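Colleague: Can you look at this prediction? I've put the sequence above it.
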Amino acid sequence: MTDPATEDDRGATSSGRPRSWLTGVLVAVIALGLLVAGGGLAVALGVGRDSQPTTDSVAAGFSRDMSRHHLQAVEMANLALTQTEDPEIRQLAFDISATQTNQLGRMQGWLALWDLPFTGGETMAWMSEGAMSDGEMAGHDMAGHDTAGGALMPGMATEAELAELRSLSGTAFDAMFLQLMIRHHQGGLAMAEYGREHSDVDVVERLASSIAETQDAETTTMATMLRARGGEPLPAP
């Protein structure tokens, strides 16, 4: 894999570190553009016309909860872009940030077109109790920890874990980043698989399918990368 940008492109400081504030600004601009693009794409596909999803539908619940799930993955990936010195980790982080920011914009665009709130409601309520008891979410801790957005969803890192990650550098940072992102992907995979099977909105079903395939493949890749750096994955959520 090639490095997504040279040091000059990232606006490196004299110490060789990229300017974190510039990264943040660029991500914010990209996110805004993708939000608009997501809405435009949804209009072109006919989303939001005729019968629209209700706030408690699988399509709406998936879009809300997966958006928040993605937001944490983007946060961790952007942290890696400024913290890691490993080109392979940096490329992985860039890929995750770019892909999930794009998907986040699409889901937020759909909610806007459906005139539904971006947040609110009971976390994961769109996944039926029957599905969870049948094993689609078996083993996942749905209690989590309280955050500003509500209970943590499967695979999400706690504030304590994120604080520890921010405090690390070098190989220790790389190993913990991979551990947290693997677990994060595993939790998101179960959500994506449920959305793929139960959404009655075609574009949501297709996005859920894409997320499931991508995160399954990336989880395998990250596990190999982690073991090459002397680490082992955390227990699955």
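Modeller: Thanks, I have the structure now. For clarity, every value in this text was computed on a predicted model and none was experimentally measured.
Colleague: Counting neighbours, what do you get for the spatially closest residue to residue 211 that is not a sequence neighbour?
Modeller: The shortest distance from residue 211 to any non-neighbouring residue, by Cβ to Cβ, 6 or more residues apart in numbering, is to residue 192 (4.1 Å). To be clear about C-beta, it is placed using only N, CA and C from the backbone, and glycine gets the same treatment. Neighbour count for residue 192, taken as other Cβ atoms under 10 Å: 24.
Colleague: close enough to count as contact, residue 192 and residue 206?
Modeller: No. Counting by Cβ atoms under 8 Å, residue 192 does not reach residue 206; the two are 11.2 Å apart.
Colleague: which stretches of this protein aren't confidently modelled?
Modeller: When residues are selected by pLDDT under 70, those of the chain lie in 1-50, 129-150.
Colleague: hey, where'd the helices end up in it?
Modeller: Per DSSP state H, the chain carries helices over the ranges 7-10, 20-45, 58-83, 87-113, 129-133, 159-167, 170-198, 202-228.
Colleague: Distance-wise, check the nearest residue to residue 89 once chain neighbours are set aside relative to residue 90.
Modeller: Distance criterion Cβ to Cβ, 6+ apart; nearest residue to residue 89, sequence neighbours excluded, is residue 174 at 5.1 Å. Between residue 174 and residue 90 the distance is 10 Å, computed by Cβ to Cβ, to the nearest Å.
Colleague: so what sits against both of the two?
Modeller: Overlap of the contact sets of residue 174 and residue 90 (by Cβ atoms under 8 Å, 6 or more residues apart in numbering) consists of residue 84.
Colleague: Tell me how many other residues crowd the residue lying closest to residue 157 once chain neighbours are set aside.
Modeller: Excluding the flanking residues, the one nearest residue 157 by Cβ to Cβ, 6+ apart is residue 180, at 4.9 Å. Neighbourhood size, residue 180 [other Cβ under 10 Å]: 22.
Colleague: Name all residues that make contact with residue 180.
Modeller: 76, 157, 161, 165, 234.
Colleague: Just send those back as CSV, with distance to residue 107 and neighbour count too.
Modeller: What follows is the contacts of residue 180, written out as CSV (distance: Cβ to Cβ, whole Å; neighbours: other Cβ atoms under 10 Å):
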residue, distance to residue 107, neighbour count
76, 19, 21
157, 20, 23
161, 25, 17
165, 25, 19
234, 26, 17
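Colleague: ok so, going back, dump the helices of the chain into TSV; add distance to residue 122 as well.
Modeller: Listed next are the helices of the chain as TSV, based on distance: least, Cβ to Cβ, whole Å:
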stretch	distance to residue 122
helix 7-10	41
helix 20-45	25
helix 58-83	9
helix 87-113	16
helix 129-133	12
helix 159-167	21
helix 170-198	15
helix 202-228	19
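Colleague: Ok, which of those comes nearest residue 121?
Modeller: Counting by Cβ to Cβ, residue 121 lies closest to helix 58-83 out of those; the figure is 6.9 Å.
Colleague: quick one, what contacts the closest residue to residue 178 other than its chain neighbours?
Modeller: Once flanking residues are discounted, residue 178 sits nearest to residue 226: 4.2 Å by Cβ to Cβ, 6+ apart. The contact partners of residue 226, by Cβ under 8 Å, 6+ apart, come to 175, 178, 179, 182, 232, 233.
Colleague: follow-up on the earlier one: quick check: neighbours shared by residue 192 and residue 206?
Modeller: Joint contacts of residue 192 and residue 206 (Cβ under 8 Å, 6+ apart) do not exist.
Colleague: So for residue 51, which of the helices of the chain sits nearest?
Modeller: When the helices of the chain are compared by Cβ to Cβ, helix 58-83 sits nearest residue 51, at 11.1 Å.
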